[in-house]
Every structure is written in structure tokens, then in C-alpha cells.
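In: need a structure here:
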Amino acid sequence: MFHKATRKIVKEIDPYGGTLIPAASPYFSDGFKPLYIIRKKEKTWFFTKDKYIPTSVTLAEILKDGKDLDIGLQSSKFCNYGASKSISGGVDASVCIVDAGVHASGGVADIISTVELKKRVISEKMLLEATKDRKIDRGHIFVKKLPGDIFYVISEVVETDRPCDLNSLFEAKGGVAVPTDIIKAKGGADVCSKENLTFHAGTTIAFKLSKLRITEDDTLDIVWDDWLRSHLESLYQTPEIPLTELTKLSKDVSQLFLNTFLQILGNSDNLPVLVTMLDQICEGFQPDLQVLGLMEDEDRACVEKLLDLLGIRKVDPPGQPLTLTPHQNEVIKTVNIFIQSLNELNPDTLILLATSVEMKIISRQLKLVEKVEERFFKRSKHEMQNNRAEETLESLALQFTESEFEITQGILEEFGFHLKRENTSISYEMKDKNEDMFCSIFTALSVLKALDDRVNK
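Out: Purely as a prediction, here's the structure:
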């Protein structure tokens, strides 16, 4: 909900893109402030978007004599659900007013009140001037874990100047069975789920990064990237999800994972929090679990349940190196890709996926998606070798009952594929093909099928 709103705001105030990065969750707002260091995971063949992982480390902390580093910065405090207390950052800033209005996708509408935004900027010139006579501490744990001499620091933030309300409404109209443990409604009745988020002044909406390089004499320099090169889109490739370790889980543990994933599918607001934590874990560090105390009880319990299944101890301080077994690392890697994929999808599609698990149609849906891929996306060698002539897209689509077909139809529309059925006649067309969404759907179905197969083996 929050990420959808910030993306819309960024699109309005930065229409040409390439500079501002929308914040994914208000929970990690304190980690997205000027002079905080960010771990940037470059886009890969699987995910065509860069990912940004907050740290609790500031630029001053990795300098040998950084304690007295002063560029006149001030920080805002964190926001929380249902809080009415207003907190002002007290910083001189330029202010712009954006009416984010109402935007909807499928059965989901997010309504955000008028937001007053302020900007805090550190120019590269000011940054270099303030650090020119200071040396990097090569003994600092963050510096020692760097794969090279490049890192990123936040040089600009756009944040709320006053408290703001964000409301989300999900509606599912008649005919589709929705699992009772997800939205607590079932059958032909309309389903309505409302959520409200209040976040304070000083909540980060978007940020910019400066790319820094540690020189041979341990000072800092700015790295200037080619803008066009950094925005080239990756060519589509069939996702290869690492499912091996997931399929080795016991039936009981697989059931626990599946039940937890169903809870997550029912509340998409947990996804940005999990994305950030899993990225931190995949980087080899204990995640920042302090945000758990700021979440509502039901949301916190869901996140804690997944962390327990992954073997993450909640007693360790954030930012400390993790010691995990190869099996744990592979399972975490798979879960991270899965959660990243879910985070790209619309909340109504997540509900349809959960319903598909309950109706035991995930396996057939995955086969259908593979046939769509063969016809409209680049086919991989593996799939060409295993293509079964007796199963066609049309024959697979005809295997669904009316209610199953309706659910499957909604899932396929997420990446632009429109499927229709009249009696025994199947028709389809691809409109506005979205390869990123296809990869996300493919991944979600693959992981859910792997767990479902283990549970029902």
C-alpha cells in the first residue's frame, strides 16, 4: 500500500525518472536519511530493478575521524500505525504540495490525502568538501564486507512535512471463493477489506543516492555513472528458481511454510518489510528486527513466524554477521526471490493465488503459464526439450471448472494475457505484455507448487 503510493508521488514529482527512488515501507524510514549508507543490489537477469537495502551505518561511522563530521543534518523520528502524534523535523527546506488523488488496480483502491513534502539535499561538492581530509576506517565491519571499493550514500531525501493518512480498500465481488483464513469471507458474498496507515512528519517518501569510491589513499571520491547505460532494460530470460532445498523440507515444515505464505498473501503490507529483512539476511547480516515492535500484533506474528522458519534468531543485534548452513542459505535465497516476486504483484492477484492453493489448481496453472511463455515469450532450451505435444494451451484451459477458470483468468491478466472461454472454445490475446510481471507470476506459482507437492506427497 505504502510503496504504491510513493511510486505514484515520485512519478508526479519526477516524471522523467532516473533520479528519485520511491521508499518501499515507512518502517525503515530512519534508515533512509541523508548520509546513511545503502547497499545497492544491481539488477540481474531475473529482477530488472535495482534493490536498495538500508543499513544502520552512516558515512561518519566508517571514517577514522568522523565523529565530528557535521554537514548540518537533522533526523526525523519514526512513524507508526494509528499514531496521532505529529513530529516535525525542524529543518529548513523547500516544500512542494502533491495531491496524490486516487488510483486503483483491479479491486484495490489506495487513497492518500494531500501531502506536503520537503526536500533535504547534500550536494556532491559539499560532501567531498566535508570529507576531503578524512580517511576511511578499513577495519570497520561494513568496509571489510564490501566486495570492492564502491558504496552508496543517501544524498537527498523527500519526506513528509506533516502527518498523512493512507487508506486502502480491497473489494472482491460475488462468485469467487476466498479462503476464510485470508480475508475471513467466503462464497458468493462481496468481500471488503479496509486498511488505514497514518505516518508522521519526517517519513521518507523518496531518496537519491551518491556513488562513492574509496581511493588508494583511503579518501573518498564521487563516481559518475552513465545515465543511459544504467537504465537499459534487461532482456527476458526464463526464471530458474532454486527449488532443490525447498523440496527437501519435511512434510510438516513444508506445511508450516505454506500456511505462512498464505497469511502473507492475505496481507500485502507485510511484503516491503520482509523484502528489506530478507535482503539484509542474503547480504549475510542480521536484519533490523526493531521494526517488529512497531507493527500490529497480527502482522508482527506473521513476520516472526517466517523468520523462525528460516532460523533467524531475534536476540542478535542488527548488522552483525550471520552464520548459516548451506541449506539455510539456499532456502532463504528461494524465499527472498518468492517474496520479491509477490511484492511486485497487485494485492488482488495475491488473493487469487492464495485461493488457487486452497482449490488445488496451482499445478495446472503453472503448466498453463509455461504454455503462454512458449507462445509469447522467449522459450528456454529446457522447456523446448520437455515440450509435450499432447498438451496445448487450449486443452489446459479447458480443464478448469468455471470458478477455477475465473481465478486463473485474473492471474494471467496481471502480465497482459487475456484468456476467454465460451463452452469448448478458447480464445486469447496478449495486450501490453509485461515481462517483469510474468516472471513474478511464474516464480510465485513455482514456489507454491513445490511446497504444495511436498505437503500432499
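
In: all helices for the stretch 1-150 of the chain, in order.
Out: Under the criterion DSSP state H, counting those that start in this stretch, the stretch 1-150 of the chain contains helices at 2-13, 124-131, 141-145.

In: Mean neighbour count, the ones you listed: which tops it?
Out: Highest mean neighbour count among those (mean count of other Cβ atoms under 10 Å): helix 2-13, with a mean of 19. C-beta coordinates here come from the backbone N, C-alpha and C atoms, glycine included.

In: Give me the helices and strands touching it, please.
Out: strand 21-22, strand 94-98, strand 108-112, strand 115-121, strand 204-214 (3 or more Cβ pairs under 8 Å, 6 or more residues apart in numbering; DSSP states H and E).

In: Lowest average pLDDT across those strands?
Out: Here those differ in mean pLDDT, and the lowest is strand 94-98 at a mean of 41.

In: Next, count neighbours for the closest residue to residue 434 other than its chain neighbours.
Out: Distance criterion Cβ to Cβ, 6 or more residues apart in numbering; nearest residue to residue 434, sequence neighbours excluded, is residue 415 at 4.7 Å. A total of 24 residues lie near residue 415 under the criterion other Cβ atoms under 10 Å.

In: Read off the pLDDT value for residue 415.
Out: In this model, residue 415 is scored at 92, pLDDT.

In: Tell me the buried residues in stretch 327-343?
Out: Neighbour-count burial for stretch 327-343 flags 328, 330-343 (criterion: 16 or more other Cβ atoms under 10 Å).

In: okay but residue 245 is in contact with residue 331, surely?
Out: Yes. In terms of Cβ atoms under 8 Å, residue 245 counts as a neighbour of residue 331; the distance is 5.1 Å.

In: Tell me the buried residues in stretch 416-427?
Out: Neighbour-count burial for stretch 416-427 flags 416, 417, 419, 421, 426 (criterion: 16+ other Cβ under 10 Å).

In: For the first one, give its distance to residue 445.
Out: The reference is to residue 416. According to Cβ to Cβ, to the nearest Å, residue 416 and residue 445 sit 16 Å apart.

In: got it, and the third one?
Out: Residue 419 sits 15 Å away from residue 445 when distances are taken as Cβ to Cβ.

In: Ok, the last one next?
Out: Residue 426 sits 20 Å away from residue 445 when distances are taken as Cβ to Cβ.

In: Now do the same contact list for residue 292.
Out: Going by Cβ atoms under 8 Å, 6 or more residues apart in numbering, residue 292 touches 300, 303, 304, 314.

In: any chance of these in CSV, with pLDDT too?
Out: Formatted as CSV, the contacts of residue 292 follow (pLDDT from 0 to 100):
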residue, pLDDT
300, 88
303, 91
304, 91
314, 74
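
In: among those residues, which ones are buried?
Out: 300, 303, 304.

In: pretty sure the second one contacts residue 270?
Out: Yes. A contact is recorded between residue 303 and residue 270 when judged using Cβ under 8 Å, the distance being 5.9 Å.

In: Residue 443 is in contact with residue 338, isn't it?
Out: Yes. At 6.2 Å, residue 443 counts as touching residue 338 under the criterion of Cβ under 8 Å.

In: got any residues that touch both of these two?
Out: Joint contacts of residue 443 and residue 338 (Cβ under 8 Å, 6+ apart) are residue 241.

In: mind checking the end-to-end distance for stretch 315-330?
Out: 23 Å (Cα to Cα, to the nearest Å).

In: buried sites along it?
Out: Here stretch 315-330 shows 318, 322, 324, 328, 330 as buried, counting by 16+ other Cβ under 10 Å.

In: if I look at residue 209, how far off is residue 120?
Out: 14 Å.

In: who's more crowded, these two?
Out: Neighbour count, other Cβ under 10 Å: between residue 209 and residue 120, residue 120 has more, with 24 against 18.

In: and the closest residue to the more buried one other than its chain neighbours, how many residues sit next to it?
Out: Leaving aside its sequence neighbours, residue 120 sits nearest to residue 157 (Cβ to Cβ, 6+ apart; 5.2 Å). Residue 157: 28 surrounding residues under other Cβ under 10 Å.

In: swap in residue 444?
Out: By the criterion of other Cβ under 10 Å, residue 444 has 30 neighbours.

In: so it makes contact with residue 353?
Out: Yes. Using Cβ under 8 Å, residue 444 is in contact with residue 353, at 5.8 Å.

In: shared neighbours, those two?
Out: Each of residue 345 lies in contact with both residue 444 and residue 353 under the rule Cβ under 8 Å, 6+ apart.

In: The stretch 351-457 of the chain: strands as residue ranges?
Out: Assigned strands in the stretch 351-457 of the chain, in chain order: 417-422, 425-430 (criterion: DSSP state E, counting those that start in this stretch).

In: Same list as before, those strands that is, but in a markdown table and with distance to residue 9 included.
Out: Listed next are the strands of the stretch 351-457 of the chain as a markdown table, based on distance: least, Cβ to Cβ, whole Å:
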| stretch | distance to residue 9 |
| --- | --- |
| strand 417-422 | 30 |
| strand 425-430 | 31 |
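
In: returning to what we had before: between the helices of the stretch 1-150 of the chain, which gets nearest to residue 260?
Out: Residue 260 lies closest, by Cβ to Cβ, to one member of the helices of the stretch 1-150 of the chain: helix 2-13, at 21.1 Å.

In: Next, the angle strand 204-214 makes with that closest one.
Out: 80 degrees (axes from the mean of the first three to the mean of the last three Cα atoms, to 10 degrees).

In: any idea of the mean pLDDT in helix 2-13?
Out: Across helix 2-13, the average pLDDT comes to 75.
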